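>>> Provided below for reference: sequence and predicted model.
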Amino acid sequence: MRKMYLLSMFLIGALAYGQVGVNNITPKSTLDIMSKTTDGSTSEGLIIPRVTGNALKAAETSTVYGDDQDAALVFVTAAPDPDNRTGQVEGMDSRGFYYFDAGSNRWVKMVSSGTSTAALAQLLCSGSSDVGVLESGQSAAGVSTTIPYSGGNGGIYSAQIVNSIGVTGLTAVLTSGTLNNGSGTLIYTITGTPSAAGNAIFDIDFAGQTCGFSRTVQPSSNFPDVVPVIINGQTRQMLTHNLGGDTTQDPNVPTQAIMGNYYQWGKKNAVATAYTPASAISGWNTSAAGNKAWNSGTEAAPVKTANDPCPSGFRVLTRNEWTGFNTASTTTNIGTWATTTTNGATNFSAAKVFSNNGSTVTLPIIGMRDNTTGVLVNRANIGYYWSSTENGTLYSYFQSVTSSSNNPSGYNTRPTGIGIRCISE
């Protein structure tokens, strides 16, 4: 009887005044609830309907929530399963209060800092940029695609996993985060092992916007083109061959074919190959490239330039990255090493093998071409590999590899011809 009495009082109050009070005879709004006690002797509060995220996803399938349910409030007791976090429940990543926003057709989490569910005006897959290489049958590592967006609302978004179609076996993983207010980017990390060569397609549905991007999967080869390595705590892809080396040859068996080309710092085109005679090169260019020729950013945040000779998605390492690579590696020497600067011109057997992150990276001891004449020195004695880092305005740093050390702090004048090994951007 008591429950019926309260219900009748609610109805009478609403009809008479258009306002309802609970424990309150003078309501100041449509519904005005006052606590029954103030000493903590009884439970107080308003219990909002409690549902699971999966139940709300099922409700979306049945078109339960629409314009008529705008501003409906619920308490979500458990986030929907990761595969269900699409559509109306896309931003539902944890327990909490959510309200239904019919305008965006989304459940929006209520937090003190404001709207938590991400919303944006446009997702720009056509402007996406790729890092790393995918090869059939090879596990992806250090591979990602960055997608720009515009009109971000500063909202929070949950992690997202998108499976590939076309070439299967891959997933694009977006970690949870917060949108910028305005323009920004989303970074999808590609994981898994592609089932075949061809195009892996990823259809993205994010914050009410949809678009797609594809990644080319190269055919498998006898030798991997890239291997995952650890540099400064991050997994990156490093080319297994020197730039200009014969990629059909085993990168871990030193021969003339895998020595690669020689480049002057800051310039795009090679000035010599492994087959160029050791003598001076007629017409050797002694002009030096200016600062920022290979890195228009900073040492901490490098940005590849048009002069960088590495293939798309890769660039010359910075000095800091060479340091990080050395730190994360153990090394062994292979082959016969020269003992002077000139007695190894026809010796292509010397190399240093770096073991890093379970991967093998072999750096042939290629020597260098002299900065004034182009004559070959130190083949099989010292290996030289450029970094993109300047030392003043006339010199630049390189990684020097000897039988007893690996030193990224060596430097020489920029017209010197030195080898290049590329890392993913």
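It's in.

>>> Contact partners for Gly198?
For Gly198, the contact set (Cβ atoms under 8 Å, 6 or more residues apart in numbering) comprises 166-167, 216-217. Heads up, the C-betas are built off the backbone N, CA and C, glycines and all.

>>> Need the residues you listed in CSV (columns: pLDDT).
Shown next, in CSV, are the contacts of Gly198 (pLDDT from 0 to 100):
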residue, pLDDT
Gly166, 93
Val167, 94
Thr216, 91
Val217, 91
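
>>> Buried among the residues you listed? Make that a ChimeraX selection.
Buried subset of these, written as a ChimeraX selection, criterion 16 or more other Cβ atoms under 10 Å:
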select :166,167,217
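
>>> Kindly reformat the contacts of Gly198 as JSON lines containing secondary structure and distance to Leu363.
Shown next, in JSON lines, are the contacts of Gly198 (DSSP: H, G, I helix; E, B strand; the rest coil; distance: Cβ to Cβ, whole Å):
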{"residue": "Gly166", "secondary structure": "strand", "distance to Leu363": "36"}
{"residue": "Val167", "secondary structure": "coil", "distance to Leu363": "32"}
{"residue": "Thr216", "secondary structure": "strand", "distance to Leu363": "28"}
{"residue": "Val217", "secondary structure": "strand", "distance to Leu363": "28"}
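
>>> hang on, Ala79 packs against Arg95?
Yes: if you go by Cβ atoms under 8 Å, Ala79 and Arg95 touch, sitting 7.0 Å apart.

>>> Could you check which of those two is surrounded by more residues?
Ala79 (18 against 15; other Cβ atoms under 10 Å).

>>> Who's the closest spatial neighbour of that one, skipping the chain neighbours?
Gly53 (4.8 Å; Cβ to Cβ, 6 or more residues apart in numbering).

>>> Same check on Ala257?
According to Cβ to Cβ, 6+ apart, the nearest residue to Ala257 is Asp246 (4.0 Å).

>>> The one you found - how many residues pack around it?
Around Asp246 there are 16 residues (other Cβ under 10 Å).

>>> The one 5 residues further on now?
Around Pro251 sit 23 other residues, with neighbours defined as other Cβ under 10 Å.

>>> what about the closest residue to it other than its chain neighbours, distance to Thr327?
Excluding the flanking residues, the one nearest Pro251 by Cβ to Cβ, 6+ apart is Thr240, at 4.1 Å. Plainly put, Thr240 is 20 Å away from Thr327 if you go by Cβ to Cβ, to the nearest Å.

>>> same deal with Pro82?
35 Å.

>>> Contacts for stretch 32-48, please.
So stretch 32-48 is contacted by 19-24, 73-75, 97 (Cβ under 8 Å, 6+ apart).

>>> Then stretch 124-138?
In contact with stretch 124-138 (Cβ under 8 Å, 6+ apart) are residues 140-150, 167, 170, 190, 193-197, 200, 204, 211-213, 215-221, 224-226, 237, 312-313, 424-425.

>>> Which ones among those lie within strands?
Judged by DSSP state E, the subset of these located in strands is 143-150, 170, 190, 200, 204, 211-213, 215-218, 226, 237, 424.

>>> Let me see the ranges of the strands in the stretch 301-425 of the chain.
Here the stretch 301-425 of the chain has its strands, by DSSP state E, counting those that start in this stretch, at 314-316, 330-334, 351-356, 359-364, 368-369, 376-377, 383-391, 395-401, 406-413, 417-418, 422-424.

>>> Output these as TSV; include the columns mean pLDDT and distance to Ala306.
Shown next, in TSV, are those (pLDDT from 0 to 100; distance: least, Cβ to Cβ, whole Å):
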stretch	mean pLDDT	distance to Ala306
strand 314-316	96	11
strand 330-334	97	34
strand 351-356	97	29
strand 359-364	97	26
strand 368-369	97	23
strand 376-377	97	29
strand 383-391	97	13
strand 395-401	97	18
strand 406-413	96	23
strand 417-418	98	20
strand 422-424	95	15
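
>>> Just name the most buried of the ones you listed.
strand 417-418 (a mean of 28; mean count of other Cβ atoms under 10 Å).

>>> Which strands or helices does that one pack on?
strand 262-264, strand 368-369, strand 383-391 (3 or more Cβ pairs under 8 Å, 6 or more residues apart in numbering; DSSP states H and E).

>>> picking up where we left off before, can you say which of the ones in strands among the contacts of stretch 124-138 are buried?
143-145, 147-149, 170, 190, 200, 204, 211, 213, 215, 217, 226, 237, 424.
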